[in-house]
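> Structural data only, the sequence is not supplied:
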């Protein structure tokens, strides 16, 4: 996954999970507030996995969380398991795996 694709993918997820109040605050700060849906985030996370499967534990964790928000319980469990089975190569990966270990789907 390219760095720019990854940044866009994570932005989609973060924007999609904004509360109504956070969306209203963003609307006052930006001429056109950012918009994204969990469906869009899902598509980007899946595309990233197709480009380089298992490359980044954070992608798999956020994919699991996105699937859970979309009601795709079985797929969420699949990505959560894949994340937990991955190897930490960086300090960020270690944090991600610790977060994944605490996650209840």
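Yep, that arrived. Source: prediction; values computed, not measured.
> Show the contacting residues for the residue nearest in space to the middle of the chain.
Centroid-nearest residue in the chain: residue 62, 2.8 Å away (criterion: CA atoms, centre = their mean). Residue 62 sits next to 9-10, 13, 41, 45 when contact means CB atoms under 8 Å, 6 or more residues apart in numbering. Where C-beta positions appear, they are placed from N, C-alpha and C, glycine not excepted.
> Now distance to residue 83, neighbour count and secondary structure too, for the residues you listed, in CSV please.
Formatted as CSV, the contacts of residue 62 follow (distance: CB to CB, whole Å; neighbours: other CB atoms under 10 Å; DSSP: H, G, I helix; E, B strand; the rest coil):
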residue, distance to residue 83, neighbour count, secondary structure
9, 15, 25, helix
10, 15, 17, helix
13, 14, 20, helix
41, 16, 26, helix
45, 12, 29, helix
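> could you redo those residues as a markdown table and give each row distance to residue 29 and pLDDT?
Converted to a markdown table, these look like this (distance: CB to CB, whole Å; pLDDT from 0 to 100):
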| residue | distance to residue 29 | pLDDT |
| --- | --- | --- |
| 9 | 23 | 67 |
| 10 | 20 | 71 |
| 13 | 20 | 79 |
| 41 | 21 | 91 |
| 45 | 27 | 93 |
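> Residue 44 sits in which helix or strand?
helix 38-51 (DSSP states H and E).
> What are the buried residues along that helix?
Neighbour counts over helix 38-51 (16 or more other CB atoms under 10 Å) mark 38, 40-42, 44-46, 48-49 as buried.
> That one - contacts with which helices or strands?
On a contact count with 3 or more CB pairs under 8 Å, 6 or more residues apart in numbering; DSSP states H and E, helix 38-51 meets helix 3-16, helix 57-69.
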